[in-house]
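Visitor: Here is the input, now give the coordinates:
(2 chains)
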Protein chains: 2
Amino acid sequence: MTSLKSFLPILGWAPAYTKTEAQSDLVAAVIVTIMLVPQSLAYAMLAGLPPQVGLYASILPLIAYAIFGTSRALAVGPVAVVSLMTAAAVGQVAAPGSAEYLTAAITLAFLSGLVLVAMSVLRLGFMANFLSHPVISGFITASGILIATSQLKHVLGIKADGDTLPHLLTGIFNGIGGINPYTVVIGVAATAFLFWTRKQLKPLLLARGLRPRVADLIAKAGPVAAIVLSILAVVGFGLVDKGVKIVGEIPAGLPPFALPSFDLGLWQKLLLPAVLISLVGFVESVSVAQTLAAKRRQRIVPNQELTALGASNVASALSGGYPVTGGFARSVVNFDAGAETPLAGAFTAAGILAATVFLTPLFRFLPQAVLAATIIVAVLSLVDIAAIRRTWAYSKADFAAMAVTILTVLLVGVEAGITAGVSLSLLLFLWRTSRPHMAIVGQVPGTEHFRNVDRHDVITDPAILSIRVDESLYFANARALEDAIYDRIADNSALKNVILMCPAVNAIDASALESLEAIAHRLGSAGIGFHLSEVKGPVMDALKRSDFMDHFKGHIFLSQFEAVSTLSKETQPIATSPAPSSPVRDATSPGQLSLVPTTEGRSVV
Amino acid sequence: MTSLKSFLPILGWAPAYTKTEAQSDLVAAVIVTIMLVPQSLAYAMLAGLPPQVGLYASILPLIAYAIFGTSRALAVGPVAVVSLMTAAAVGQVAAPGSAEYLTAAITLAFLSGLVLVAMSVLRLGFMANFLSHPVISGFITASGILIATSQLKHVLGIKADGDTLPHLLTGIFNGIGGINPYTVVIGVAATAFLFWTRKQLKPLLLARGLRPRVADLIAKAGPVAAIVLSILAVVGFGLVDKGVKIVGEIPAGLPPFALPSFDLGLWQKLLLPAVLISLVGFVESVSVAQTLAAKRRQRIVPNQELTALGASNVASALSGGYPVTGGFARSVVNFDAGAETPLAGAFTAAGILAATVFLTPLFRFLPQAVLAATIIVAVLSLVDIAAIRRTWAYSKADFAAMAVTILTVLLVGVEAGITAGVSLSLLLFLWRTSRPHMAIVGQVPGTEHFRNVDRHDVITDPAILSIRVDESLYFANARALEDAIYDRIADNSALKNVILMCPAVNAIDASALESLEAIAHRLGSAGIGFHLSEVKGPVMDALKRSDFMDHFKGHIFLSQFEAVSTLSKETQPIATSPAPSSPVRDATSPGQLSLVPTTEGRSVV
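Guide: Below you'll find the predicted structure:
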């Protein structure tokens, strides 16, 4: 039963569903429905699909998520970035407007569903972790810019194609002569109005004394007002005859039952896009769900979310929709409006179904420019310039991955962009860990602490070299460790012992183990002892599993202090330099050591 | 001058060259020359090239290395694994025995030289670190098996082709009917004799009272004896007429001046093999050089080694040779024979030049079966079964990378094998670091230490959750950290504070930083405090560079003990469970805790 509940989370909350929860869920559903209907039409247009496809993608997927999802407030459906990725992927295999284009979009949703379910079954959810925040942030910012630019042609009433920034801008520049003035007036007015409702209406209403929640709702209804007003304007002034492009007739009725194409050649072409869409959608969805769940101390199960999103995409495909994921804006609205259970999503689905069956005739005269305006205003909020600045200040490596992602998305395309970003961030991570921070350490006078000789006034013994390595040891940095040690023993005839201090070594792989053996062997053949100190428990367990301990002639000390005190004592008799009365030689007695107020041994470095 | 010396290491030792050094170098050169002449012929045959090409590749490259190399004892020239890789790469673009085949091999050496020099200029030597020890070890073992099998046909005197193990075995099986009995007798006798000289002759000579060095030299001369005896047998018994294949006429004379092909299509096909050959050759060469340098406390400069190997390969190409690298066996012989400076290499070059000009007629009647026997005996020593067993015992992840490398080399090919091994080992590393070890810690009674609650009897406070993370925080594990913390705060209403203990966190990238901010934000909105403890200096510096500290409302404690004592005091008044007299509750008074006799600061470790 428990495992069934974890596979069908609906069994967890549905039996105990209360009337109060039902009321909250219903209110939330009404509000989200009003927001979603125009948004669904707009995102379908962005994906190059007929408007009703956006509505279809907002019905069954919500039901599927309600059954399988672990988030109480997540609202799935078409979102801007995934719509753009769909347009990019499907545009490569079919001509926009053709029946093949629609079939390819449905197939993409189906494939994406399969990929998500497969990731869930194979527990591959961790793959999403390889999308670093700077790469995602850069990807979303660049996508926002690309989407906003792609919608400009609708606002200006011109024809322009292209899927990279240079192409889009060239297209707009070339088409600028064919601007339709009526469209421009409507488009610019709608954009300005939507920006105003988004940024300034709420504070204004609050200043007038409205309650925050009411003010928020009125501000959120901005797109609905823009749509109603623009439809009235088109009909009232007969703008269709003056060249204003409208949405046109939307077939009313239930979503159709659809089947994806089973053409293997098409599957092959769409597989990589489906994987990327799945990963991006999953990352966006899970981070929204986690944010909302944390606010109520609920939890979501990432692996079950893969199943739920997979089911949602399969449901979308089977009902004639295109790829969907959990959207940020709609989920937050759902949460704020009081959704208590996933049933709010099911109620929303019913609302959109009603709209699909009864209200589509009303949208016939809706100008495309207004839909474009809602997209532009929505996606420009995705553009996060501050994140670019923050990343630059914090880490140049992260910034490089982000910059490459942004530039590649804008200049080459969305898929190339995310692939380049992920590859570069992995390479940079490997490069960083392949050059671990290592410090020669010495004893802080009067304590048992050992610190970097370059940062502190510490005591060292010319016969002992203490190196602290601040990284797990694995194949990519094993040689760096060897190099560092060999460099420091070359031409250093006073040296009798090397101690590797390992408090930050969380793992040692087989390569690093061989390097340690090689170091021990080479130091041994040069007459130098090699020892370890402060080896962690799990690392020690692993060393014991190998035959390292059989050959290792050095000591493994619990603490660096113990190591240095023991070895100073040992080497004392065979020390050859300098005078036996020098402070460093006296270091054999820990008590005396702390008396020496000097940086004596820094000559070792 | 220093920078010129580091570019031309010859300027460092040549001006101070002494007569004693010259004598040592000369003796070493004579011994290495005797060893190298038959080996060069054999490896050229393995690479599918005319025998004299192996000699050409053993002359100018030695001079180039003497000028640019930093190792005093490394001997460059054709080696088994690189010869096999050459055969695999060149075999894909030209038919063995054709003029195009030779040109492609020369071009491969030239390209490999360019790749090595480019790696040196761009400081890309660290790329070699991505070849983990298990991958290299598996690659060499599998190459050894593949090479030995490929030589069986020469020993049996049959025709058989193929470059994968199944193909080779099928070929031998099909050709078994055409065995030449004379060839088999010579081949098997030579193999047995060479094994015997390698394994048993030296102990025998030592038992007879010979000095170790002399015994060693006699044992090393085994191949020369086999060659002389087999030539005499071929000539004496007229075996050529009985179907024994001989080396045939080797053109005598100076190495020719050769130019690589500048056909860009060919370059494109050979680029990846050239990169792989460069990496494998560099890794083998540097590890030999480092082993030998450490014995005399000298040092080698890996980046300069790239230049030197690059120059050697270009020199090989321009004198009609094929790809070369520093060989293990010959370098050890050179070192043991007393080589003091790279001039020993130059003397060896002169020796091989003399052999090329004057001695080639002597090799005319050398049976191919004997050359094959020298290869088989040499490469079987590369097969390291113990390493496979050791790796299995130590780490299943490393073993997986090794096994995939071995199987892919044997079943698909050398290039596919090394590519698969490197890719898998990188993925496994990323996977491991994406699932960091995290422990809930509690206070060891009577100390300031905090340990894993699952391993130790420790005191915890239900209002405080202390998590220690044992890995640097970066994009691939940032979400795992979030998940772990969210999981533990869900349904835990007693919790007031979470402390993340960071003594093993060596770096925090931008993604992990955002995760920390997200955790702080989400815990904050759930009324839980979030704090850090034991943050390392460099990590703290990075945090200060960001705006993290501006938003962070929690504390950053120097020690976990300080964190728990401070927070217990804070939360005491609002604590709700259990009885106020429980030991855990008593932990709120730091006064009581610090009475405990302890090594104060060591809790920091």
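Visitor: Let me know how buried the closest residue to A:N452 other than its chain neighbours is, in neighbour terms.
Guide: Leaving aside its chain neighbours, A:N452 sits nearest to A:A439 (4.0 Å; criterion: Cβ to Cβ, 6 or more residues apart in numbering or on different chains). Heads up, the C-betas are built off the backbone N, CA and C, glycines and all. A:A439 has 19 neighbours, counted by other Cβ atoms under 10 Å in any protein chain shown.
Visitor: Kindly report the same for A:V27.
Guide: With other Cβ under 10 Å as criterion, A:V27 counts 15.
Visitor: Quick one: mean pLDDT for the one helix or strand it maps to?
Guide: According to DSSP states H and E, A:V27 maps onto helix A:19-46. Average pLDDT, helix A:19-46: 86.
Visitor: Enumerate every residue touching A:V404.
Guide: When contacts are counted by Cβ atoms under 8 Å, 6 or more residues apart in numbering or on different chains, A:V404 touches A:A420, A:G421, A:L424.
Visitor: Kindly give the local confidence score, pLDDT, for the residue nearest to A:N452.
Guide: So A:A439 comes in at 87 (pLDDT).
Visitor: I'd guessed A:M501 sits against A:K536; true?
Guide: No. With contact defined as Cβ atoms under 8 Å, A:M501 does not reach A:K536; the gap is 11.7 Å.
Visitor: still on that earlier bit, who wins for neighbours among the contacts of A:V404?
Guide: The most crowded member of the contacts of A:V404, judged by other Cβ under 10 Å, is A:G421 (29 neighbours).
Visitor: Could you pull up the contacting residues of the closest residue to A:R330 other than its chain neighbours?
Guide: Leaving aside its chain neighbours, A:R330 sits nearest to A:A75 (4.1 Å; criterion: Cβ to Cβ, 6+ apart). By Cβ under 8 Å, 6+ apart, the contact list for A:A75 reads A:V32, A:L36, A:L62, A:G326, A:G327, A:R330, A:S331, A:V333, A:N334, A:G345, A:T348.
Visitor: distance of A:A75 from A:A346?
Guide: 11 Å (Cβ to Cβ, to the nearest Å).
Visitor: A:A192 now?
Guide: In terms of Cβ to Cβ, A:A192 sits 37 Å off from A:A346.
Visitor: the more surrounded of those two?
Guide: A:A346 (20 against 12).
Visitor: number of nearby residues for the residue in the stretch 351-500 of chain A positioned nearest to chain B?
Guide: Chain B sits closest to A:F475 of the stretch 351-500 of chain A, with a gap of 3.2 Å, by Cβ to the nearest Cβ. Here the number of neighbours of A:F475 (other Cβ under 10 Å) works out to 27.
Visitor: tell me the contacts of it?
Guide: Neighbours of A:F475 in contact, by Cβ under 8 Å, 6+ apart: A:509-512, B:129-135, B:425, B:429.
Visitor: Serialize the residues you listed to CSV and add fields for pLDDT.
Guide: Converted to CSV, these look like this (pLDDT from 0 to 100):
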residue, pLDDT
A:D509, 90
A:A510, 88
A:S511, 86
A:A512, 90
B:N129, 77
B:F130, 81
B:L131, 81
B:S132, 84
B:H133, 83
B:P134, 88
B:V135, 89
B:S425, 88
B:F429, 86
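Visitor: ok so, going back, filter the contacts of A:A75 down to just the ones in strands.
Guide: Mapping the contacts of A:A75 onto strands (DSSP state E) picks out A:G326.
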